[in-house]
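>>> got a sequence here, can you build the structure:
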Amino acid sequence: MLQTLRNAWRIEDLRRKILFTLMIILLYRVGNAIPVPGVNVPALQTYFASLQNTVLGLYNVMSGGAFSQATIFALSIQPYINASIIMQLLCIAIPALERLQKEEGEEGRKKIASITRYVTVGIGLLMGFGYYMIMANNGLLESAYQGNIPMAIVIILTFTSGSALIMWLGEQINEFGIGNGISIILFASIVSRMPSSVISSVSNIISGNLQWWVLVLMLLGALAIIVLIVFVNDAERRIPVQYAKRVVGRKMYGGQSTYLPMKVNMSGVMPIIFAQSIASLPATVAALAGANTQTGWFSKVFGPTSIVYAILYFLLILFFAYFYSTIQFDPIEVSNNLKKNGGYIPGFRPGKPTSEFIHRVLNKITLFGAIYLGIIAVVPILVSHFSNSSSLTGISLGGTSIIIVVGVALETARALEAEMMMRNYKGFLD
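Residues are numbered from 1 along each chain as shown. Below is the predicted model of the structure:
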């Protein structure tokens, strides 16, 4: 990774793209520090201290702490992520959108991207309104602005405009930067919390709230998880494919052997995000209703370090891994495409036998990928449970953050390597 960055820095064009990306990240971090007017930020942070293990706590992690400070970028990329997921599901459920995505090529994808932007703004309005109502109902606004309708409109529109601006910043990184714009913004949000996490861990060790060996164990576990992520991220099941020979005019086409790649973890981090949102719903509802979620039976059953929560979390990850892989990969469509192009899998007839074989392979690798995601997500919870340390219950110690950070770093490195290779080929042809 570091060697790739050094090599890319020596190329003037790539150096400009890297500097442009860093400038966008700087603008994003500046926006994360500008609070929305009319909000009592200290009271809001105190309120969020009891919500770190809820859905709102997950939003706070994804925004780099901006959500708990009600800044102009408080909603971060959540509206865009939700809009993208909704559009993916609608492209499967609505035939017109499916045709737009598959048959109209680049023009169709541009139309879907435009629809996604409008959906992002709509979701931003809903989330901004919901966030305002939470603050208004819990007395988290300045007393002068409590119940002030014009100020309410300003706050909601500021949140919505911030989410739209983040979406635009991500598109600028895609066009003029090094690519993966939304992922890099999410990467910057998560990494920005690391210094405060280190300072908090050192303070807990000094005060005696955290044993040093527990922290060492967590660091070793994080390193092991990073190695596992790097290993599985590029892992794929290669199904051999043979193309039949065919003669067109005086030329012969086909006859070559290739393979059909199927990534072990094709769903990425999405199953963990979905599972985490649903598993933390009981704590979210209870916290918003004013119940005490830190002690008593509720903490033992639905607490973020309980065994019941870990089991529920793991099962939800398995479910969403299969659900998401079904959406992304259609064995029947792949089988039909192979048949149209004269390809076949050795040992299986084209058509239904081929699709059934691909489906069986898909189920096996999805199970492996789901177990891999479940282990990464649940291990920090089990460590927190058996260490009996309240300092390890933060949601930021989950495997979600590690998967996102490592995955984005690997994608960025591959994008830079592809850019450098393209320039090498161009220089060779010139």
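
>>> remind me which residues of the stretch 1-150 of the chain are low pLDDT?
Across the stretch 1-150 of the chain, residues meeting the criterion (pLDDT under 70) sit at 1, 51-54, 103-105.

>>> and the helices in it?
Using DSSP state H, counting those that start in this stretch, the helices of the stretch 1-150 of the chain run over residues 2-9, 12-32, 41-48, 55-62, 78-93, 95-102, 105-137, 149-176.

>>> list the buried ones in the longest one?
Going by neighbour count (16 or more other C-beta atoms under 10 Å), the buried part of helix 105-137 is 108, 112, 115-117, 119-121, 123-125, 127-128, 131-132, 135-136. Quick note: C-beta positions are derived from backbone N, CA and C, even for glycine.

>>> re the thing from before, return the most buried member of the helices of the stretch 1-150 of the chain.
Comparing the helices of the stretch 1-150 of the chain by mean neighbour count (mean count of other C-beta atoms under 10 Å), helix 55-62 ranks first with a mean of 22.

>>> you'd agree Gly374 is in a helix?
Yes - per DSSP: H, G, I helix; E, B strand; the rest coil, Gly374 lies within a helix segment.

>>> would you enumerate the residues in contact with it?
Taking C-beta atoms under 8 Å, 6 or more residues apart in numbering, we find Gly374 in contact with 313-314, 317-318.

>>> make a markdown table from the residues you listed and add distance to Ser207 to it.
Formatted as a markdown table, these follow (distance: C-beta to C-beta, whole Å):
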| residue | distance to Ser207 |
| --- | --- |
| Tyr313 | 30 |
| Phe314 | 33 |
| Ile317 | 34 |
| Leu318 | 39 |
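
>>> closest to Tyr259 out of these?
Leu318 (27.4 Å; C-beta to C-beta).

>>> what residues does the one helix or strand that closest one maps to touch?
According to DSSP states H and E, Leu318 maps onto helix 307-328. Residues outside helix 307-328 that contact it (C-beta under 8 Å, 6+ apart) are 88-89, 92, 266-267, 270-272, 274-276, 278-279, 300-303, 362-363, 366-367, 369-371, 373-374, 377-378, 381-382, 385.

>>> buried subset of those?
Burial by neighbour count, 16+ other C-beta under 10 Å: within these this picks out 88, 266-267, 270-272, 274-276, 279, 302-303, 362, 366, 369-370, 373-374, 377-378, 381, 385.

>>> of those, which belong to helices?
With DSSP state H as the criterion, helices contain 88, 270-272, 274-276, 279, 302, 362, 366, 369-370, 373-374, 377-378, 381, 385 from among the buried ones among the contacts of helix 307-328.

>>> in stretch 307-319, which residues are buried?
Applying a neighbour-count criterion of 16+ other C-beta under 10 Å, one finds 309-310, 312-314, 316-318 buried in stretch 307-319.

>>> so which of the residues you listed comes closest to Leu169?
Ile317 (30.6 Å).
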